[in-house]
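Trainee: Give me the fold of what follows.
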Amino acid sequence: MPSSKISIRLRRARRLLGREAEIDKMLKELHASYLKDNEHDEGDLIYYRINYRLADTFGMTREEAERLHSGYHVGNPRHISQGFCEKCGSMVTIIPVIYGIQESDMERMKAAEMQGRLIIGDMATVRQGSKVAMFGCKECRTLLSKYGTL
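Mentor: Just a heads-up that it's a prediction; the model follows:
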């Protein structure tokens, strides 16, 4: 969809909500808070977290929040972190490794893993004092501990 159509829909949605300034301010604050000093790292988990916060705060549907957030990115392109994967031998998109998922979230997290948005980490590797990878390769799912450990 051309950016002009997205902008028109965005303006229309904001007008309907009558809270354009509040929504714009919150989008800027959420991005500043979640991305801190790394504006080039808005992965899917952060993107969806911002959508959920918008929906919750302004009482809108997830679809409306996603539409507004996508409209924000027309003028502020979203960037995803990349890293070098030794196994793939190239630069790849890195995705988070999630450890300790509650049973109630397992179905949703497994669906996200199947879509390549995250990796479900093995809790057996998490022990007192041990380091586990925070990120993995989106392509081959290799854990990339050189980009951060817990």
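
Trainee: Now do the strands in this protein.
Mentor: In the chain, the segments counted as strands under DSSP state E are 82-85, 90-98, 119-120, 135-137.

Trainee: Identify each buried residue in the last one, please.
Mentor: Neighbour counts over strand 135-137 (16 or more other Cβ atoms under 10 Å) mark 135-137 as buried. C-beta here means a position set from N, CA and C on the backbone, and glycine is covered the same way.

Trainee: Report the contact partners of residue 42.
Mentor: Going by Cβ atoms under 8 Å, 6 or more residues apart in numbering, residue 42 touches 31, 34-35, 78-80.

Trainee: By neighbours, which of those wins?
Mentor: residue 31 (19 neighbours; other Cβ atoms under 10 Å).

Trainee: That residue reaches residue 53, doesn't it?
Mentor: No: taking Cβ atoms under 8 Å as the definition, residue 31 is not a contact partner of residue 53, at 10.9 Å.

Trainee: Touching both of the two, which residues are there?
Mentor: Taking Cβ under 8 Å, 6+ apart as the contact criterion, no residue touches both residue 31 and residue 53.

Trainee: rewinding a little: would you list the contacts of residue 42 in a markdown table and tack on pLDDT and distance to residue 43?
Mentor: Output for the contacts of residue 42, formatted as a markdown table (pLDDT from 0 to 100; distance: Cβ to Cβ, whole Å):
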| residue | pLDDT | distance to residue 43 |
| --- | --- | --- |
| 31 | 88 | 13 |
| 34 | 82 | 10 |
| 35 | 81 | 10 |
| 78 | 82 | 9 |
| 79 | 80 | 9 |
| 80 | 79 | 6 |
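
Trainee: From those residues, pick the one nearest residue 48.
Mentor: When the contacts of residue 42 are ranked by distance to residue 48 (Cβ to Cβ), residue 34 comes first, at 10.9 Å.
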